[in-house]
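**Q** I'll drop the sequence and a predicted model, then ask my questions.
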Amino acid sequence: MQTTTKYIGGISVVTAIALGIAITFTGLAHAQDKNHDPHGKKHDHAHAMKMTKMTHITTQAEAEALKPGDSIAMVCSMCKIVTVHPVGNDKSHVKMMTVGNTHTCSACEGKVTVEGTGKGKGKHQEVKHVCGECGDDAMFVVATKAGDHDKHSQHK
């Protein structure tokens, strides 16, 4: 399984994602306001920014539903890091959401354990990621589906 850790210049990837989400919501709100014209000029929506839809996932079943070509990413707000795993045919990405699985954080080298929250049963149980260095509220997982950036890339 190939794992990629990304830092963007002097800005952490988590900050960049938060900024991107804020810009996305602003753009969507603006796009829905068809009469919005604060500068007295018409807007050219042909140059709309490309967006990738990231969905927060919390269960093993949601990870299992991902297909090759999709991506799953673990975000740590304390380390300010995003680790992206491309989804392949081997289903190794599911381990990231399997209760009892452990791995090492690539930033702080803390031991991360996948723990069940007690909400749901079996592979439908919600999980949390507890890092020995960052604590139990620092990490979360998001997924992107192949092609979602194409469907959401233009204002409608």
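**A** In hand now; what should we look at?

**Q** what is the neighbour count of Asp90?
**A** Neighbour count of Asp90, defined by other CB atoms under 10 Å: 9. (Each C-beta comes from the backbone N, C-alpha and C, glycine too.)

**Q** same question for the one 10 residues further on.
**A** Burial of Gly100 is recorded as 10 neighbouring residues (other CB under 10 Å).

**Q** number of nearby residues for the closest residue to it other than its chain neighbours?
**A** Using CB to CB, 6 or more residues apart in numbering and skipping residues adjacent in sequence, the residue nearest Gly100 is Val114, 6.5 Å away. Val114 is flanked by 20 other residues according to other CB under 10 Å.

**Q** same check on Glu109?
**A** Glu109, neighbours per other CB under 10 Å, totals 11.

**Q** and Gly118, how many neighbours?
**A** Gly118 has 8 nearby residues by other CB under 10 Å.

**Q** surely it and Gln125 touch.
**A** Yes. Contact criterion CB atoms under 8 Å: Gly118 and Gln125 qualify, at 7.3 Å.

**Q** where exactly do the strands run in the protein?
**A** Here the chain has its strands, by DSSP state E, at 4-6, 55-57, 71-76, 81-86, 102-104, 111-116, 127-131, 139-144.

**Q** who's in contact with Gly120?
**A** 59, 126 (CB atoms under 8 Å, 6 or more residues apart in numbering).

**Q** which pLDDT value belongs to it?
**A** Model confidence at Gly120, given as pLDDT, is 95.

**Q** now it: how far from Gly110?
**A** Distance from Gly120 to Gly110, counting by CB to CB, to the nearest Å: 26 Å.

**Q** quick one on the thing from earlier: would you turn the strands of the chain into JSON lines with mean pLDDT?
**A** Formatted as JSON lines, the strands of the chain follow (pLDDT from 0 to 100):
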{"stretch": "strand 4-6", "mean pLDDT": "52"}
{"stretch": "strand 55-57", "mean pLDDT": "94"}
{"stretch": "strand 71-76", "mean pLDDT": "93"}
{"stretch": "strand 81-86", "mean pLDDT": "91"}
{"stretch": "strand 102-104", "mean pLDDT": "92"}
{"stretch": "strand 111-116", "mean pLDDT": "96"}
{"stretch": "strand 127-131", "mean pLDDT": "95"}
{"stretch": "strand 139-144", "mean pLDDT": "94"}
